[in-house]
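Peer 1: Next come a sequence and a model predicted from it.
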Amino acid sequence: MRRKIPPLQTLLCFDAAARHESYTRAAQELALTQSAVSRQIGALESFLGVPLFRRTRHGVALTASGAAYARQIARRLEAMERDTLDAMARQGEGGSLSLAAVPTFATRWLVPRLPAFAQLHPDVVVHIETRTRPFLFADAEFDAALYAGTPAQVQNWAGTHAQLLMHEDVVPVCSPALLPRGKPVGPAVVARLPLLQQSTRPDGWRQWFDAQQVDAPNARGGPRYELFSILAAAASHGLGVALMPTMLVADELARGELVVACARPLSGERNYYLVTPERSDAALPLQVFTQWLLGIVEGDKA
């Protein structure tokens, strides 16, 4: 039976025009003429029997039906692109695995360990994209997520199963040039040093100073950075003291670019989890990756 699906070129033109709300910019993106894009959109509207755009003084704008259709088509085109790239990347019969991961954990903890996984399972291709917040697996096409969050956040992530990987201990770190004689100091001295903040954890320093029973009027002051990787770079360049999970700055500590400013770690409120859709039909690549990952975590604890 012939499927009632518009031609792919027509959908590509509509997707580009919908994203830009401009036939001209869509034509530039697709290396077509504006009239060609306009004809494709007209053909699609005739095919659907629904107006997708309306004329405005400045060009075109999506109708309500057009906006809803554009959201659906964008997801389908992205899925087709991923499937195509998977087919191009697959070199064996092991299949592929798509992971969402918090960025610094992915670059500093997971990726250095992936060669060991590749040696054990050379036919499994692992794809990684960064995500910092919960999402709907049904919409995102990920097999699993490596997520850093609180137990409450994980519990409230609907339709998922979370497996605890490790707890997060944070400790103040900085460039050795920032400390007297490059040696660790007490928490009261840390309170007088310039502090670096992580924007997603505005109370991190406040919690650390409270645990040390030290008054720190500037606990929420200082420049803010979104990612731990940026925070570590700022600290290593002497901009201030950063409160970091030790496992994410192990290389900088080993090279001496960073030192522990005060050897009083604090158990963070967040943990690292492997989050999967709440279903029992996990594909083989996810099964072997999960088994390997849990073994690596246990080995690190030993």
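Peer 2: Received it, and whenever you're ready, just let me know what you need. Residues are numbered from 1 along each chain as shown.
Peer 1: so how far is the helix or strand of the chain with the lowest mean pLDDT from its chain's centroid?
Peer 2: The weakest-scoring helix or strand in the chain, judged by mean pLDDT, DSSP states H and E, is helix 137-140 (a mean of 80). Averaging C-alpha positions (C-alpha atoms, centre = their mean, to the nearest Å) puts helix 137-140 14 Å from its chain's average.
Peer 1: can you give me the strands for this protein?
Peer 2: 53-56, 59-62, 96-101, 125-130, 144-149, 160-174, 195-198, 224-225, 241-245, 259-260, 266-277 (DSSP state E).
Peer 1: deepest of those, which one?
Peer 2: Mean neighbour count (mean count of other C-beta atoms under 10 Å) peaks for strand 241-245 among the strands of the chain, with a mean of 26. C-betas here are computed from N, CA, C, even on glycine.
Peer 1: Was I right to think residue 137 contacts residue 157?
Peer 2: No - counting by C-beta atoms under 8 Å, residue 137 stays clear of residue 157, with 9.5 Å between them.
Peer 1: list the contacts for residue 240?
Peer 2: Contact partners of residue 240, counting by C-beta atoms under 8 Å, 6 or more residues apart in numbering, are 174, 178, 193, 194, 195, 196, 222, 223, 234.
Peer 1: switch the cut-off to 10 Å
Peer 2: Contact partners of residue 240, counting by C-beta atoms under 10 Å, 6 or more residues apart in numbering, are 172, 174-175, 178, 193-197, 221-223, 231, 234, 261.
Peer 1: and the two most separated of these?
Peer 2: Using C-beta to C-beta, those span at most 18.9 Å, a distance reached by 175 and 221.
Peer 1: Compare neighbour counts for the two and give me the winner.
Peer 2: Ranked by neighbour count (other C-beta atoms under 10 Å), residue 175 and residue 221 place residue 175 first, with 21 against 13.
Peer 1: Okay, that one and residue 152: tell me how far apart.
Peer 2: Look at residue 175 and residue 152: by C-beta to C-beta, to the nearest Å, they are 35 Å apart.
Peer 1: Can you show me the helices along the protein?
Peer 2: Under the criterion DSSP state H, the chain contains helices at 8-20, 23-30, 34-48, 64-89, 103-105, 114-120, 137-140, 151-155, 187-190, 204-212, 228-236, 250-255, 284-301.
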